[in-house]
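Visitor: sequence below, structure please.
(4 chains)
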Protein chains: 4
Amino acid sequence: MGIRLGANQYGKAESRVVRIVRDTARHEIRDLNVSTSLRGDFEAAHVDGDQAAVLPTDSQKNTAFSYAKEHGVDSIEDYALALGQRLLEAAPTATGCLTRVEEYAWDRIPVDGTGHDHAFVRRGGEVRTAEVDRTGDGVEVVSGLTDLIVLKSTGSEFRGYLKDRYTTLPETDDRILATSLTATWRWTGTEVDWNGTYAQVRGTLLQTFATTYSRALQETLWLMGRAVLEQQPAIAEISFAAPNKHHLLVDLSPFGVANEGEVFVAADRPYGLIEATVTRDDE
Amino acid sequence: MGIRLGANQYGKAESRVVRIVRDTARHEIRDLNVSTSLRGDFEAAHVDGDQAAVLPTDSQKNTAFSYAKEHGVDSIEDYALALGQRLLEAAPTATGCLTRVEEYAWDRIPVDGTGHDHAFVRRGGEVRTAEVDRTGDGVEVVSGLTDLIVLKSTGSEFRGYLKDRYTTLPETDDRILATSLTATWRWTGTEVDWNGTYAQVRGTLLQTFATTYSRALQETLWLMGRAVLEQQPAIAEISFAAPNKHHLLVDLSPFGVANEGEVFVAADRPYGLIEATVTRDDE
Amino acid sequence: MGIRLGANQYGKAESRVVRIVRDTARHEIRDLNVSTSLRGDFEAAHVDGDQAAVLPTDSQKNTAFSYAKEHGVDSIEDYALALGQRLLEAAPTATGCLTRVEEYAWDRIPVDGTGHDHAFVRRGGEVRTAEVDRTGDGVEVVSGLTDLIVLKSTGSEFRGYLKDRYTTLPETDDRILATSLTATWRWTGTEVDWNGTYAQVRGTLLQTFATTYSRALQETLWLMGRAVLEQQPAIAEISFAAPNKHHLLVDLSPFGVANEGEVFVAADRPYGLIEATVTRDDE
Amino acid sequence: MGIRLGANQYGKAESRVVRIVRDTARHEIRDLNVSTSLRGDFEAAHVDGDQAAVLPTDSQKNTAFSYAKEHGVDSIEDYALALGQRLLEAAPTATGCLTRVEEYAWDRIPVDGTGHDHAFVRRGGEVRTAEVDRTGDGVEVVSGLTDLIVLKSTGSEFRGYLKDRYTTLPETDDRILATSLTATWRWTGTEVDWNGTYAQVRGTLLQTFATTYSRALQETLWLMGRAVLEQQPAIAEISFAAPNKHHLLVDLSPFGVANEGEVFVAADRPYGLIEATVTRDDE
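Guide: The predicted model follows:
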């Protein structure tokens, strides 16, 4: 029984590409974090130390920066599609290229009621993401967002759950529900209005979170996912990773102070971690 | 020559106090990070191990949570003023109490064009801060913000500087200027509309950054500080700590691609660090 | 075409469990970060909001703490095996339980040449990890480490690689090679001396990194993985994620200073990211 | 009443300087994070936008890298003394230069019982620090360390403290005491064996922490500081910032499990923060 190389991939991670569009006096900014990774037949590089088939990660980085100009960044999906295609072509023994992009949003600084031409303030809040996985057979695009922090101060319960000998949690019919949402949605194709649908999906996620009663974070994720799929026929499935950021009611009774859902401690760790995918039923 | 105890203080840091105001169906949220610290005659606790004069940090934490209800959080300055006064009264050998509060902003989730009653999305962007230092002689209030990330894609130069044998930086008359601003402004008194002035100062900082030409980050800080002092007569001085977040133009010429201020790499480290105070001249 | 729930799991992440063994005056400390996750038939919790089958993440956390005493922590693998078994039994509709544990190492503080009985200093360096995935069909144990930061100041080259139009990297026959290693090794069974083999694998990884010439980080990972598999017959495969932490030679020639591999800037981002698995060939 | 520039300084922060000493086959590594800052008459740069007196932060960075070769890094104090002197000379209107250096420790990788010539593993644990403040009048050197994480599993109590209406903490005569120590010690001169005394002070801090009974973290800091001053006549004073990293006993009684100081939850926030200086009494 011998020893052999198994799955492997390599690339350049976290190139911080900033593109300014300055064709007119009204500049635009795209602020990206770009990672690319090639996979395929790179056994010689590992086993023989022969780099002849290896496109250096430095060249991958150079391509990422140059493509921000050559191809442009109309959307991060569009940019990642082009970048991945180029890298796959440039490395003959590669069979797949995974391109991941994060985008940080900026707003124009308001001056006298209108946004300034070339001065920006970083928006904060969620980070938009895209993952494009391209092979010789085709391409898969997954759009998403991360760190969308949402909270509802009522309209959430947690009760009727399974009890065992280690259960001490009291049931509650009114609690804070908060999470830092990561969501990724996989598209059935590439003929998509990436920027327009991003805004729509984000809006649907937020609105569903706000307007539905929650009997558990699991139910809320299901409702959010179903609403997105109902709205967006070109999305095949949506996945969530949602830390349940616990807000614990503080006992103020030793001080003679009532606390009916008014003062909480926001806990860092531990946190619940709820992961779920909502998908189309192909049957 | 003996050995003695010098300056000392102690307290509870980073209590994550969340206050929900739910007197009506339209909830409000104040999301705080609270640190308190007492100083004064605590020599016995150190030198003799005698804790009789020490108000435990745990009690300081309890007070922070209870005051979020008992006193409320109309503004973080107002809350910190009350909390510090209580702690100073509770610890007879203390001569001073420093209370620091950070506030994380939330927006109502928009539903059908209006903000939801009890569902929120964290705004991101800058963190609002307050420091209240109270002694038997009086109280000093310093308001502020941190992590206000701003960028201008033109309207910034850096040239005419001192050269020595280690200078290799080329002069430039058009660069990206970006910083993650920390600003703190000290008030002459406590009769202040804390929330209203916060919005005004933040607006003045942003607008001045946007609308003034920059010959160096130093000049921009000076202009921002001066504008705030001119607008707010009750502010005695304003201090800045501003990392110059370098955006370096990428050389795309090896690839035959022109890059006239369009593609940059956002560098993490090192960064310039510019610190300055703008103050009223009492002469 | 309908919409349905896909893959899902839930649990409690990052419980910071500290166990002191104090049966004698010579204490021992196990400092853990514990995450558990259940998967199986939890559709009712999502789709109907019915929590009857859901063992709360709070109960999972309680079990993690209690098992640190009831079962003890002879090794993190042994502890995770017991904890996962308990959770799977406690949740009848669960079909699988993933338990992940990180361990932070402490050394005894040296006093007069020997380690103190109950005073410790945190070692720093790498974090030991274990993942135990248990189903009704069996159990899979993956041991590992993360954040093992290693560097060689010579004995590393990178040349002979593929060039394309975006390649500007010069070839080098002497460079710094540095990485922050994450390694995970999967066992064929559970009859293992977990603590003894951990020390052996760590030692083999370090020694191989030190004593082999590197024609690329890929080759080095291969050599490290092969050495581990050759030494440990009960390991089925080992996987690596290794950021190539670039150390760039600084051009000091403008200052008339030679720099033949002596002064480098340690770059934060971007970094190469090399991932590879070395496995037994079952043919 | 006018508006004027107050205190200001500027410099380059966090240059990651790595120096390999390779005069023989047995290499040495110094891994540094260097920050420099100039202060003095820089009013024109702020108020008039005139940079003629400003030595760019980029030149400061270049000097930091070049001095790692030209001057070398026998110790971080020695290096910072030389670097600060150069920068002060290079900027005629500067009246002071603050140089701060962090050093990350590496061990040689053990191979067959001895340390390898050019392969290293990062030690982890505490970071060594130095601050050198140089003016025309003289120079002040402050050595230190940060992130020295220590814990004692017994030999610590906390009782007899002041109670008020917000006190709920029970007294304890046996608890875990843990902190992540930052200590800085100011020297009376510069004729110091920087590396030798660093090891001595670190050892004294650890040994005193281990061998003394603690009636509060305050008392422990006092004892540690006094021991250092008694041992090192050239140290004028030592200052501590010590977060009390709470380890809370977990109530396992609902599960019928006794827990007499055996299972704790390590809390992230809030934490006590104890700050104290121990100094020589000049009277």
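
Visitor: isn't A:Glu275 up against C:Ala13?
Guide: No - in this structure, A:Glu275 is not within contact of C:Ala13 by Cβ atoms under 8 Å, at 10.4 Å. Where you see a C-beta, it was placed from the backbone N, CA and C, and this is true even at glycine.

Visitor: quick check: closest non-adjacent residue to the closest residue to chain D within the stretch 101-250 of chain A.
Guide: Nearest residue of the stretch 101-250 of chain A to chain D: A:Thr168, at 5.3 Å (Cβ to the nearest Cβ). In this structure, A:Thr168 finds its nearest non-sequential neighbour in D:Pro254, 5.3 Å apart by Cβ to Cβ, 6 or more residues apart in numbering or on different chains.

Visitor: what secondary structure does that neighbour sit in?
Guide: helix (DSSP: H, G, I helix; E, B strand; the rest coil).

Visitor: shared neighbours of A:Glu275 and C:Ala13, anything?
Guide: C:Ser37 (Cβ atoms under 8 Å, 6 or more residues apart in numbering or on different chains).

Visitor: now the residue of the stretch 151-283 of chain A found nearest chain D: closest residue in space that isn't a chain neighbour?
Guide: In the stretch 151-283 of chain A, no residue comes nearer to chain D than A:Asp268, which is 4.5 Å away by Cβ to the nearest Cβ. Of all residues not flanking A:Asp268 in the chain, D:Asp268 sits nearest, at 4.5 Å (Cβ to Cβ, 6+ apart).

Visitor: A:Lys61 too?
Guide: A:Lys12 (4.4 Å).

Visitor: before we move on, which element is the residue in chain A that chain B sits nearest to in?
Guide: As assessed by Cβ to the nearest Cβ, chain B sits closest to A:Gly124 within chain A, at 2.0 Å. Using DSSP states H and E, A:Gly124 maps to neither a helix nor a strand.

Visitor: the residue nearest to A:Thr168 and A:Lys163 touch, don't they?
Guide: No - if you go by Cβ under 8 Å, D:Pro254 and A:Lys163 don't touch, sitting 11.8 Å apart.

Visitor: give the residues shared as contacts by the two.
Guide: If you check D:Pro254 and A:Lys163 against Cβ under 8 Å, 6+ apart, no residue is contacted by both.

Visitor: residues of the longest strand seen in chain A that come out buried?
Guide: Using DSSP state E, we find that the single longest strand of chain A is strand A:2-21. The neighbour-count check on strand A:2-21 (16 or more other Cβ atoms under 10 Å in any protein chain shown) flags A:3-5, A:8-21 as buried.

Visitor: the residue nearest to A:Asp268: how many residues sit nearby?
Guide: 15 (other Cβ atoms under 10 Å in any protein chain shown).

Visitor: in a helix, it, correct?
Guide: No - counting by three-state DSSP, D:Asp268 is not part of a helix but coil.

Visitor: what pLDDT does it get?
Guide: Note on D:Asp268: pLDDT of 97.

Visitor: for A:Thr197, which non-adjacent residue is closest in space?
Guide: Counting by Cβ to Cβ, 6+ apart, A:Thr197 lies nearest to A:Gln232, which is 6.3 Å off, once chain neighbours are set aside.

Visitor: what sits closest to A:Ala7 if chain neighbours are left out?
Guide: C:Thr277 (5.0 Å).

Visitor: and that neighbour, that's in a strand?
Guide: Yes - the assignment for C:Thr277 (three-state DSSP) places it in a strand.

Visitor: surely A:Leu38 touches A:Ala45?
Guide: No - between A:Leu38 and A:Ala45 there is no contact under Cβ under 8 Å: 10.8 Å.

Visitor: now for A:Ser239: which residues touch it?
Guide: A:Ala183, A:Thr184, A:Trp185, A:Arg186, A:Glu275, A:Ala276, A:Thr277, A:Val278, C:Gly6 are the contacts of A:Ser239 under Cβ under 8 Å, 6+ apart.

Visitor: for the residue nearest to A:Thr197, give me phi and psi.
Guide: Reported as degrees, to the nearest 10, the phi and psi values for A:Gln232 are phi -120, psi 90.

Visitor: if we can go back for a sec, mind checking which of the contacts of A:Ser239 are buried?
Guide: Listed as buried from the contacts of A:Ser239 are A:Ala183, A:Thr184, A:Trp185, A:Arg186, A:Glu275, A:Ala276, A:Thr277, A:Val278; burial here means 16+ other Cβ under 10 Å.

Visitor: in contact with the closest residue to the last one other than its chain neighbours, which residues?
Guide: Right, A:Val278. Distances taken as Cβ to Cβ, 6+ apart put A:Gly225 closest to A:Val278, at 2.9 Å, once the chain neighbours are dropped. Neighbouring residues of A:Gly225 by Cβ under 8 Å, 6+ apart: A:Ile238, A:Phe240, A:Ala276, A:Thr277, A:Val278, C:Ile3.

Visitor: would A:Gly225 count as being in a strand?
Guide: No - assigned with three-state DSSP, A:Gly225 falls outside any strand and is helix.

Visitor: the residue nearest to A:Lys61 reaches C:Gly272, doesn't it?
Guide: Yes - counting by Cβ under 8 Å, A:Lys12 does reach C:Gly272; the two are 6.0 Å apart.

Visitor: residues in contact with the spatially closest residue to A:Ala105 that is not a sequence neighbour?
Guide: Spatial nearest neighbour of A:Ala105, chain neighbours left out: A:Arg123 (4.1 Å); criterion: Cβ to Cβ, 6+ apart. If you count contacts by Cβ under 8 Å, 6+ apart, A:Arg123 has them with A:Tyr104, A:Ala105, A:Trp106, A:Asp107, B:Gly124, B:Gly125.
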